[in-house]
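[1] Whatever this is, show me its structure:
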Amino acid sequence: MVLDIFVVDAFTRHQFKGNSAAVIPIDDWLEPSLMQNIAAENNLSETAFIKKQAENCYEIRWFSPLTEIDFCGHATLASAHIIFNHLAVQGEIEFITQEVGSLWVNQLTDGRVEMSFPNQEPEVVDDIPSELLEGLSFQPVQVLKNRQAYFAVMQSEEDVHNVEYQSELLKQLAPLDVVVTSPSFHTDSKTEYDFISRYFWPANGGDEDPVTGSIHSGLAPYWAKQFDKSELVAYQASSRGGILYCHVKEERVLVSGYGTLYLQGQVFV
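    So this is what the prediction gives:
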């Protein structure tokens, strides 16, 4: 069996930045074990498999090197980038997922891919797990949680940049991951970031995810309330880094960013 494969750097205009995702278009679903093996062999944070269901409508599944993931933003952006720019599809795309319903995606006039996610605003946690507090080198000023992760709100941008984590402790929070975040007023290339974050997911994919689109469906609603504004620019402060543009609505969060093709080839299985 020969499968086409693309690798896209998501949430960046530059190769070797943002978060890499593999995209594999298929005609029929493969066995889950085979998809998992392909994802492990790719050894990227995510491999997305997309299956066309109807005009401008695709089913999508995401696999980390360790397990199938129920919601992934950067691999959705990567998939849409390939559909728009290499499969010659125009207009709005609907991605059908198994766990988070339909995701609607458009390509903006400036080339950004805009994704419509469910609003997953986190709620304050009163009983904070000791594994979270002991697993981070800085203590958060507040902890929240949604269906995906614990949100550790830090005192400063410096704390987010400098925080160290103990994977074995954070792994015990499974199935939830951990995101650390704070306000930001950093200016880079005339872009002011409203908030920054880093994302740790040792239980589900690896130690630190370079850029995590899905978690911004929770981060953006939280910070929108803190800043009393619905449009925000976010920076994920990993070693690769990525910029995300967020627009918070009542039930949806629009997250957009750029994609850059790195690789196009074939998989032989």
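[2] Report the distance from the helix or strand encompassing A220 to the chain centre.
    A220 is part of helix 216-227 when elements are defined by DSSP states H and E. Distance, stretch centre to chain centre, for helix 216-227: 15 Å (C-alpha atoms, centre = their mean, to the nearest Å).
[3] Rounded mean pLDDT for that helix, please.
    This predicted structure assigns helix 216-227 an average pLDDT of 98.
[4] Ok, stretch 120-140 next?
    On average, the pLDDT along stretch 120-140 is 97.
[5] Could you pull out the buried residues of it?
    The neighbour-count criterion (16 or more other C-beta atoms under 10 Å) identifies 120-122, 128-129, 131-132, 135-136, 138, 140 as the buried residues of stretch 120-140. For the C-beta atoms, the positions are set from N, CA and C on the backbone; glycine is no exception.
[6] what does stretch 215-225 give?
    Within stretch 215-225, the residues that qualify as buried by neighbour count (16+ other C-beta under 10 Å) are 215-224.
[7] out of the buried residues of stretch 120-140, what pair is the most spread apart?
    Across the buried residues of stretch 120-140, the two members that end up farthest from each other (C-beta to C-beta) are Q120 and F138, 24.5 Å apart.
[8] residue contacts, L176?
    145, 148-150, 203 (C-beta atoms under 8 Å, 6 or more residues apart in numbering).
[9] do that again at 7 Å, thanks
    145, 148-150 (C-beta atoms under 7 Å, 6 or more residues apart in numbering).
[10] Likewise for T76?
    Taking C-beta under 7 Å, 6+ apart, one finds 60, 95, 103, 105, 115, 213 in contact with T76.
[11] distance of the nearest residue in space to the third one that is not next to it in sequence from T12?
    Going back to what we said before, that points to L103. In space, and not counting its chain neighbours, L103 is closest to F95: 4.3 Å by C-beta to C-beta, 6 or more residues apart in numbering. Counting by C-beta to C-beta, to the nearest Å, the gap between F95 and T12 amounts to 21 Å.
[12] next one: A234
    With distances taken as C-beta to C-beta, A234 is found 13 Å from T12.
[13] And Q166, by the same measure?
    Counting by C-beta to C-beta, the gap from Q166 to T12 is 29 Å.
[14] again, but for A21
    Distance check for A21 against T12: by C-beta to C-beta, it reads 12 Å.
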